[in-house]
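A.B. asks: just coords:
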């Protein structure tokens, strides 16, 4: 008998199988959701929501980083322009220069914070995605194992039913053959007039069974030389 794999062993095997491989983001793949419909989504929801939240955050950080860089570029251009006017003695330009420098410093601080997230988010997304894939693979493995066990049971049931069906077919043929013989003897002994007095469900005109001997020969896998078709009828000359 094949030794069953424990949950710990399966997790270790999955980790080994995933090592060094690029794993697609599952929550972005419609086929993953179709797969869950077939294997169940137990223990998946929390990790699915976490992964989607990380993806959403990554999208926001990337978008805002691009916007901040645009603002930073504009501020730097303004600072260069205001610096010349401030150096020429313009008080208004000096105030605008100070404000632009303040905004530029804020932009740099925000970029610095986002830089850390930009570096950390891909790793967090990768870990959450691998965890989600591991749980999905475990569900698939368990479902397929359960299905395989049931398939084997059904195979045994079908095989036994076929054997029983064959036995019952042979038994049916033997009983039909006995009815045929009894009816023939009764017809010969008592005559057709007497036979009409009996309320018999057996109708020799509708049923043409093989003889009991031929039924046993069929069970043994042989046929009567006089009846090569095995249908209880004499060969046609």
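C.D. replies: Received the coordinates, thanks. No experiment lies behind these values; they were computed from the predicted model shown. Residues are numbered from 1 along each chain as shown.

A.B. asks: give me the three-state assignment for residue 23.
C.D. replies: State at residue 23, reduced to three classes by DSSP: H, G, I helix; E, B strand; the rest coil: coil.

A.B. asks: outline the domain layout of the chain.
C.D. replies: 21-163, 166-220 (automatic domain parsing).

A.B. asks: let's have these in CSV, adding mean pLDDT.
C.D. replies: Listed next are these as CSV, based on pLDDT from 0 to 100:
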stretch, mean pLDDT
domain 21-163, 88
domain 166-220, 74
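
A.B. asks: format these as a markdown table; extra columns: mean neighbour count.
C.D. replies: Every residue, glycine included, has its C-beta placed from N, CA and C. Below are those laid out as a markdown table (neighbours: other CB atoms under 10 Å):
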| stretch | mean neighbour count |
| --- | --- |
| domain 21-163 | 14 |
| domain 166-220 | 13 |
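
A.B. asks: in a markdown table: the ones you listed, plus distance to residue 13.
C.D. replies: Shown next, in a markdown table, are these (distance: least, CB to CB, whole Å):
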| stretch | distance to residue 13 |
| --- | --- |
| domain 21-163 | 9 |
| domain 166-220 | 44 |
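
A.B. asks: so which of those domains is nearest residue 15?
C.D. replies: domain 21-163 (7.4 Å; CB to CB).

A.B. asks: span of the closest one from start to end?
C.D. replies: Counting by CA to CA, to the nearest Å, you get 50 Å between the two ends of domain 21-163.

A.B. asks: now that domain, how far from the chain's geometric center?
C.D. replies: 26 Å (CA atoms, centre = their mean, to the nearest Å).
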